[in-house]
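> no sequence on this one, just coordinates:
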């Protein structure tokens, strides 16, 4: 299990805002629920509206790309898609960090004990 910190979150926001700097984006949309903290921080940092729905030309963010289940439905949208951590090499999306290990990730806004339970349940369901 890898427990991510708020300092790492701030560094990810720095990286993503630098990546988006100078682009003419319509706003920031965060995929519920892991993308919402990034979207709020980036909306403030980039002085862009926080969008209720994804739209053409927006910055579309999520916390992690693992299976593609949450991000892939937006593949055809003409938007800049980015994640904090990708567990596979990005193809059409951007990532702050690409990891090869399959460690369970605990983001700073998550409750550690609940995350440990989620991991145990997930692993048990795969046996």
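Everything's here; your move. Note that the coordinates shown come from a computational prediction; the quantities given were computed from them, not determined experimentally.
> now do the SS call for residue 38.
Three-state call for residue 38 (DSSP: H, G, I helix; E, B strand; the rest coil): helix.
> wait, isn't it in contact with residue 84?
Yes. In this structure residue 38 lies within contact range of residue 84 using Cβ atoms under 8 Å: 6.4 Å. The way it works is simple: take the backbone N, C-alpha and C, and place the C-beta from them, glycine included.
> quick check: which element contains residue 85?
strand 80-86 (DSSP states H and E).
> quick one: buried residues of the helix or strand following that strand?
As assigned by DSSP H and E, the chain's next helix or strand after strand 80-86 is strand 94-98. Within strand 94-98, the residues that count as buried by 16 or more other Cβ atoms under 10 Å are 94-96.
> who touches strand 94-98?
Under the criterion Cβ atoms under 8 Å, 6 or more residues apart in numbering, residues 11-12, 15-16, 19, 65, 80-90 lie in contact with strand 94-98.
> tell me the mean pLDDT over that strand?
Across strand 94-98, pLDDT averages out at 98.
> how far off strand 80-86 does that strand point, in degrees?
Orientation check (axes from the mean of the first three to the mean of the last three Cα atoms, to 10 degrees): strand 94-98 against strand 80-86 gives 10 degrees.
> neighbouring strands - and their directions - for strand 94-98?
Strand 94-98 pairs in its sheet with strand 80-86 (parallel), by DSSP bridges.
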